[in-house]
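Visitor: Structure of the sequence below:
(2 chains)
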Protein chains: 2
Amino acid sequence: MIIYKQINVSYQILQKDKNTKARAGILNTDHGDIETPIFMPVGTVGTVKAIHQKELKEDVNAQIILGNTYHLFLRPGLEILEKAGGLHKFNGWDRPILTDSGGYQVYSLADSRKMTDNGVVFQSHIDGSKHEFTPERVIDIERTIGADIIMAFDECTPFPCDYEYAKKSMGITHKWLERCINRVDTTEGKYGYSQKLFPIVQGSVYKDLRQQSAEFIAKQNREGNAIGGLSVGEPTEQMYEMTELVCGILPEDKPRYLMGVGTPANILECISLGVDMFDCVMPTRNARNGMLFTQNGIMNMRNEKWKDDLSPIDEDGASFVDRHYSKAYLRHLFAAKEILGAMIATQHNLAFYLWLVKEARTKIIEGTFSEWKNIMVKKVTSRL
Amino acid sequence: MIIYKQINVSYQILQKDKNTKARAGILNTDHGDIETPIFMPVGTVGTVKAIHQKELKEDVNAQIILGNTYHLFLRPGLEILEKAGGLHKFNGWDRPILTDSGGYQVYSLADSRKMTDNGVVFQSHIDGSKHEFTPERVIDIERTIGADIIMAFDECTPFPCDYEYAKKSMGITHKWLERCINRVDTTEGKYGYSQKLFPIVQGSVYKDLRQQSAEFIAKQNREGNAIGGLSVGEPTEQMYEMTELVCGILPEDKPRYLMGVGTPANILECISLGVDMFDCVMPTRNARNGMLFTQNGIMNMRNEKWKDDLSPIDEDGASFVDRHYSKAYLRHLFAAKEILGAMIATQHNLAFYLWLVKEARTKIIEGTFSEWKNIMVKKVTSRL
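Guide: Below you'll find the model as predicted:
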């Protein structure tokens, strides 16, 4: 890796797949390198739910995690984060972090926020207090949180979304982006390391809007670019269509991050469309409900069928939990509502997701990605 | 340790304290040696709540854990436990295990059980089904669970408890003990290793009953003996008084187990009275409510006072969590109701309990136990 650090670029493509748009790359940050394609576990309020940072690092092999700006702003709050020296110091995670911008909460908390000319006023789900998020304020907050990659403030549109709304919203997102860029370029990181701003393509499921937005984002020439507003309920085929269209416009020499996606199959398909980075609550949230993703398919651990299956959770699994615990034991833990059930399932799912993207990367480098991808998509979507 | 294994006894006292009745010893089981005094984390349904078996072993240094016969009987049930080859195989804990007998549930589930001449009929808290526990049935169940140390079936009396009831109940416990012994001595362990039966002294807070019961239990000459029916709401002084009385009667060359006790101070005081083994849900249950036990006192991590205290949870703590995470971070996790809060607090508390008994052991061996104990009792009971 040192070779890439010597030639001072922050993203380097190591290999392009011949049959698809998939790429294997490396993204440098001041908290370490990220090998792409990569999946980023979601740590909403500074913790990836139900797993120690130590396990995340040593067992799951997570290279970068997410934090949510809106949630971290409310709790623990900026004062403590700044006093700690940023989120890395606060939560003891010394590898890269990415923060979203609150733009997703404009969508997910639609009932408790109001758009204004200047930004968004959120009403806290915790104590009802009101907080205005403007593009400048969001960048200031992200500076205080101190993630290595910070997202521009946008509006994530819902699905369905009528054309006029999507167009208007895209315009707002673009204006906000300019304000974010201005703020980022006139301020510095607070803790002595750099932060990369990623703009976000919007435009709902409308091709012309997506194209406009991708062109607008591309010409900002930032260190990476994101695709937002997908995985919000639209048909999977539309998600792929928009992703393909946008990836065709976003610069090839910058990492592409598809926000909030998705299932193992979604990830593999979107890698083949040229996406490098992914995040999703699915492996952690579904884990807490007893759903396991494996390379051979999906298992619902609440199911009676595992009751006396004493074989390991996943013989070929990537985590120590996969061979240490049996299916019957894990099923028992879910039946008895034991916390350890959520812990084991979370660790398994994240280790699987990280294994999956690492394996994809290996196959891209070896030149066998597309055949492998086609087989894997079938396997990971089957029900066990 | 090899020297003690060569002389084929299952319990060996290495050192007696000069100023108190404290002892340092070693108890051999087929799943490994237990250094006494010891604290045994409680794993009700086959999991010590909110911690991986791996952490329990490698970080907490637990030497033996408990399982609850009644709860394990209901879930996962005997069929699966037997198919697995016992609880060790089922939950992946390869060190010693002790099972209680259901006697505590005769007390704690008083509203959903009925005493009969022959035993106790429990009504399941899960599905309302009825299950008769007789002394013979309990031993059979404990054979199937396969713990290294199995407790005799008793009635744990409540507090307060009138003299006549306590006397009658003690008589029943003694009769049940004879039936348990008969069953144990006419059967064998199911999985190729031996199981030690520990009888239980009862008698509530009545000296004459405790004396009678201790004498009855002592003369059974089993490999270890337990004191039950304490820590059920009686004043602490009475608990100590009964413990002292009973320890004075139980054979000195056998390990003594005080069931369900207690706070760090309780444990230190009872070690000085001659107790070798302890279990209690306090370190795990209180952890989930944000209470931390440390060698410098008790901390309530929900308290606002820790909000911006970025110092390590416990600079001198025994677990990796103590230095990896700050007080402010842990407080944040509890404020945000994050599972990781319970995980960290559990790991800290158990590591502290295990550290405490190990330190007591070291002091006994060094001959400085009583001075150390007096200082520690004050420290561990203070509020931080």
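
Visitor: Show me which residues of the stretch 51-200 of chain A sit near chain B.
Guide: Contacts of the stretch 51-200 of chain A with chain B, taken as Cβ under 8 Å from any Cβ of the partner chain, map to A:51-54, A:75-76, A:79-80, A:83-84, A:89-92. Using the backbone N, CA and C atoms, a C-beta is placed for each residue, glycine as well.

Visitor: Now whichever residue of the stretch 51-200 of chain A sits closest to chain B: which helix or strand?
Guide: When scored by Cβ to the nearest Cβ, the stretch 51-200 of chain A has A:P76 as its residue closest to chain B, at 4.3 Å. Following DSSP states H and E, there is no helix or strand that holds A:P76.

Visitor: in terms of contact, does it touch A:N91 like I think?
Guide: No: the criterion here is Cβ atoms under 8 Å, and A:P76 misses it with A:N91 at 9.6 Å.

Visitor: Quick check: neighbours shared by those two?
Guide: Shared contacts of A:P76 and A:N91, defined by Cβ atoms under 8 Å, 6 or more residues apart in numbering or on different chains, are found at A:46, B:329.

Visitor: rewinding a little: could you list which of the residues of the stretch 51-200 of chain A next to chain B belong to helices?
Guide: A:53-54, A:79-80, A:83-84, A:89-91 (DSSP state H).

Visitor: Verify the stated contact: A:A22 with A:E269.
Guide: No: using Cβ under 8 Å, A:A22 is not in contact with A:E269, being 10.2 Å away.

Visitor: so what sits against both of the two?
Guide: Taking Cβ under 8 Å, 6+ apart as the criterion, A:A22 and A:E269 both touch A:K373.

Visitor: Looking at the two, which is more packed in?
Guide: Ranked by neighbour count (other Cβ atoms under 10 Å in any protein chain shown), A:A22 and A:E269 place A:A22 first, with 25 against 22.

Visitor: Surely A:G103 touches A:I150?
Guide: No: between A:G103 and A:I150 there is no contact under Cβ under 8 Å: 11.8 Å.

Visitor: buried ones in the longest helix anywhere in chain A?
Guide: Criterion DSSP H: the longest helix present in chain A is helix A:339-366. For helix A:339-366, the neighbour count (16 or more other Cβ atoms under 10 Å in any protein chain shown) marks A:339-361, A:363-364 as buried.

Visitor: Just the buried residues of stretch A:16-30, please?
Guide: A:16-17, A:20-29.

Visitor: what ranges do the helices span in the stretch 51-200 of chain A?
Guide: Here the stretch 51-200 of chain A has its helices, by DSSP state H, counting those that start in this stretch, at A:53-58, A:69-74, A:78-84, A:87-91, A:103-108, A:135-145, A:163-185.

Visitor: Return the member of these having the minimum mean pLDDT.
Guide: Among these, helix A:103-108 carries the lowest mean pLDDT, a mean of 88.

Visitor: Pass me the low-pLDDT residue ranges in the stretch 201-350 of chain A, would you?
Guide: For the stretch 201-350 of chain A, applying pLDDT under 70 flags no range at all.

Visitor: Could you measure from the residue of chain A most remote from its centre over to chain B?
Guide: In terms of distance from the mean C-alpha position of chain A, A:D308 ranks first, at 36.0 Å (Cα atoms, centre = their mean). The spacing between A:D308 and chain B, counted by Cβ to the nearest Cβ, to the nearest Å, is 5 Å.

Visitor: Verify the stated contact: that residue with B:L81.
Guide: No: A:D308 lies out of contact with B:L81 (Cβ under 8 Å); the separation is 10.2 Å.

Visitor: if we can go back for a sec, farthest pair in the ones in helices among the residues of the stretch 51-200 of chain A next to chain B?
Guide: Using Cβ to Cβ, the two most remote members of these are A:K54 and A:E79, lying 27.0 Å apart.

Visitor: what about the two, which has more around it?
Guide: Neighbour totals were compared for A:K54 and A:E79, and A:K54 leads with 16 against 11 (other Cβ under 10 Å).

Visitor: OK, contacts around the more buried one?
Guide: B:320, B:324.

Visitor: cutoff 10 Å now
Guide: Contact analysis of A:K54 by Cβ atoms under 10 Å, 6 or more residues apart in numbering or on different chains lists A:60, A:92-93, B:55, B:59, B:320-321, B:324.

Visitor: which one of the residues you listed has the most neighbours?
Guide: Highest neighbour count within the contacts of A:K54, by other Cβ under 10 Å: A:V60, with 28 neighbours.

Visitor: what residues does the stretch 201-350 of chain A put near chain B?
Guide: Neighbours of chain B within the stretch 201-350 of chain A, by Cβ under 10 Å from any Cβ of the partner chain: A:288, A:307-310, A:312, A:320-321, A:323-326, A:328-329, A:331-333, A:335-344, A:346-347.

Visitor: before we move on, the earlier item: against A:D253, how distant is the residue farthest from the centre of chain A?
Guide: Per Cβ to Cβ, to the nearest Å, A:D308 is found 54 Å from A:D253.

Visitor: repeat for A:S370
Guide: 22 Å.

Visitor: what do you get for A:V201?
Guide: Distance of A:V201 to A:D253, given as Cβ to Cβ: 17 Å.
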